[in-house]
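this one's structure only:
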């Protein structure tokens, strides 16, 4: 084929353009660590990558929900454990009441029982770290006020006598259990309600006929009245029923915590799997890319050298 | 019979000098145009003069510069523009699609991915913002009374609608810009066609009778035909009167140039191009040459251009970006409308933090402004106009996160809103989720760009090979021209020597008489 004067520069331009494109692409891949940046780079892998990234964000959000729910469950566990301690102490007092004969000593015990009651009400109105009431169901929130009395709503509002002693405790919350999605399509009923009329779902402080406040008020009043027989029987037996109810709730909360731990581990593993898939689809193989860059760079230098040499030659130089 | 004699020899040498000088002139012309695009090298056609019969036999009378001819391949002259038209179409399409892709702003960022903490419309692509939007509802479901998380829902909603607004506006702007480009392109095509018709008349008048060749005019015409083919697909045919007939598309397509006529001259057979129609139905129309250029006289050109930059531009405006067919504006409008419809319906089923039903809020019952429900002054929901309802945005407690009245700690409706990410019920999305529809639209564009790039690369090789082949025939080689220059120079010197020898001979003869 006849070669004309413009063949060399034209072809050299084309070759240099092509090599510069490859150099640019390799440099971008190395700098970003990605072989796929835009949909047009590799539509299939871009789709996989964007879907994997979306899945990662979703899993991350579920993981956040698990962490948040676990905090609540731990709060529930802590409050229920404290309640268990309160009831244990109340039981000790009730059992020991049979051995004490003086009213002064019984009054001391009654005062302690009253403090246990106050503590129990405080536990019932405890707020979680996110300021939500732990045992108000889905109804109450901090800051709510009674539209009639304008008093601040709390899950357990109390009625006091002239001496300031609690005479009745009323539940203001509802019996609804809130659920949260902890895995795609799987929810967990995370909150413990304070009171349940039917026992389903279970109430921690009041569950059907089992009422920790009523028991503590009765025991306190009987201690003040010196009615030690009633304190011992049926007082102790009733406290045992309350204790059983709290123990079951603690068991439920513990099971929730265990499930939340498993869910968190599962999310971590899923994140790793998605990351692996995302990396395969989108990340550049650095070793391969650097090698390719090296090869292209060599070709580019060779093209420049040979181009410069050929372009410099002309018959005119020899005439 | 005598020979040509000493004077005859003098004339012979003088003619030869002229012929070699012509050779040098043409070589100079070739060297001068070594870098002129479209120039075909020229050659002097040297022939021996008609001999005469002498007593010693036939005697030659030297050389004659018969004609100046250009060297070109007429087959390649047809093949190059035909293939160039396809290449220009693909390259223009690739460029425009890349611009569209850039306007969508969806890339993959592995080093600094959007975390969803506080996204704005300028961060990340639509996918990340949709994820953040649904994840904000997911988070709210765990703490439905949280003001912070409710604010997060507002922020992510505004970021998402802001992004959709930006994309909608960008696509419409791009559509307008390309339409302006199309108008300019059509104007340039009409000018080129007129110039080719004018060159047809020039070439025909020079070459009438066949004695002369309008070499440089032919170069110019060929170059214009190639320029034209980059803008629009054409077929060409050289007629016996040396004019070129140009048709749009195949050899049976509408006439653009016929003889000395184009759409700019009064001829019922040739057309002048124009562009008309709404963006989604933009097409090429025409007036018949000489017809009054008013809208009423416009006819749709059949077939429409399928090659060159013009076809790529029309395709980008009407099909790729368009709001009809499978256009991107249509896709994004569907995404916006489906998002508004699904979210509004679910939101309306819930209750606010204060315990009110979402629908009970003062005349602004929807989460996104929705024409179908509360008379959005902007009309039906589109990517361009989707916006968060100002009543909801004004007070985070108006987000209906609860599914039961007067249960502020119930986040079931927020969970249901988050679950809309998996909803496939919107009929306009063809059984896909909003995100799935978006990714399908996006990767379809990506595949289109990828495929166009691949086809353009292949077509580029074809055009390069054809151009190279044609250059090997018509291109100028400086070495070759230098050699020719020396050859003609030496021949010129030798002929000059003949003249000086004849001169000496004549002097000798004249001195004989002294």
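Ah, there it is. Predicted model, so just to flag it, every value in this text is computed and none were measured.

now do stretch A:251-269: everything it contacts.
A:59-60, A:62-63, A:66-67, A:69-70, A:73-74, A:76-77, A:80, A:182-183, A:188, A:190, A:192, A:202 (CB atoms under 8 Å, 6 or more residues apart in numbering or on different chains). Quick note: C-beta positions are derived from backbone N, CA and C, even for glycine.

I'd like the average pLDDT over it.
Averaging pLDDT along stretch A:251-269 gives 95.

again, but for stretch A:63-71
92.

can you pull the buried residues of that stretch?
Within stretch A:63-71, the residues scored as buried using 16 or more other CB atoms under 10 Å in any protein chain shown are A:63-66, A:68-70.

now stretch B:194-203
B:194-200, B:202-203.

stretch B:465-480 too?
B:466-478, B:480.

ok, back up a step: of the buried residues of stretch B:194-203, which pair is most distant in space?
Largest separation among these by CB to CB: B:194 and B:203, giving 15.1 Å.

how far is the top helix by length along chain A from where the chain is centred?
Ordering each helix of chain A by length in residues (DSSP state H) puts helix A:43-96 first. Computed by CA atoms, centre = their mean, to the nearest Å, the chain-centroid distance of helix A:43-96 equals 5 Å.

and it, what does it pack onto?
helix A:103-124, strand A:179-183, strand A:203-207, helix A:212-225, helix A:236-282, helix B:126-142, helix B:434-474 (3 or more CB pairs under 8 Å, 6 or more residues apart in numbering or on different chains; DSSP states H and E).

go ahead and flag the most central residue of chain A.
residue A:67 (2.2 Å; CA atoms, centre = their mean).

check contacts around that one.
residue A:264.

any weak-confidence spans in chain B?
B:1, B:112-123, B:358-365, B:371-379 (pLDDT under 70).

can you give me the helices in it?
B:5-32, B:74-104, B:126-142, B:147-207, B:215-231, B:308-315, B:328-348, B:371-374, B:390-393, B:412-418, B:434-474, B:478-512.

which one of those helices lies nearest to chain A?
helix B:434-474 (2.8 Å; CB to the nearest CB).

what packs against the closest one?
For helix B:434-474, the packing partners by 3+ CB pairs under 8 Å, 6+ apart are helix A:7-32, helix A:43-96, helix B:74-104, helix B:126-142, helix B:328-348.

now for the ones you listed, which one comes closest to residue B:435?
helix B:126-142 (5.6 Å).

can you give me the offset of the closest one from its chain's centre?
41 Å.

quick one: residues contacting residue B:344.
B:366-368, B:370, B:373.

before we move on, what about residue B:316?
Neighbours of residue B:316 in contact, by CB under 8 Å, 6+ apart: B:93, B:96-97, B:100, B:178.

recalculate using a threshold of 7 Å.
B:96, B:178 (CB atoms under 7 Å, 6 or more residues apart in numbering or on different chains).

what about it, distance to chain A?
Remark: distance between residue B:316 and chain A (CB to the nearest CB, to the nearest Å) = 15 Å.

buried sites along stretch B:178-186?
B:178-179, B:181-182, B:185-186.

again with stretch B:445-455
B:445-453, B:455.

so what touches it?
A:39-40, A:43, A:46, B:90, B:93-94, B:97-98, B:100-101, B:328.

by neighbour count, which of those residues wins?
Greatest neighbour count in these, by other CB atoms under 10 Å in any protein chain shown, goes to residue A:39: 29 neighbours.

now do that one, the pLDDT please.
94.

same deal with residue A:193?
pLDDT at residue A:193 comes out at 93.

isn't it right next to residue A:177, touching?
Yes: contact criterion CB atoms under 7 Å: residue A:193 and residue A:177 qualify, at 6.4 Å.

between the two, what contacts are shared?
Joint contacts of residue A:193 and residue A:177 (CB under 7 Å, 6+ apart) are residue A:201.

higher neighbour count, the two?
residue A:193 (28 against 16).

the more buried one bridge partners, please.
When assigned by DSSP bridges, residue A:193 has beta-bridge partners residue A:203.

how far away is it from residue A:204?
7 Å (CB to CB, to the nearest Å).

what is in contact with these two at once?
With CB under 7 Å, 6+ apart as the test, residue A:193 and residue A:204 both reach residue A:135.

report how many residues lie close to residue B:414.
29.

name the nearest residue to residue B:338, ignoring sequence neighbours.
Excluding the flanking residues, the one nearest residue B:338 by CB to CB, 6 or more residues apart in numbering or on different chains is residue B:426, at 4.0 Å.

quick one, phi psi at the one you found?
phi -70, psi 120 (degrees, to the nearest 10).
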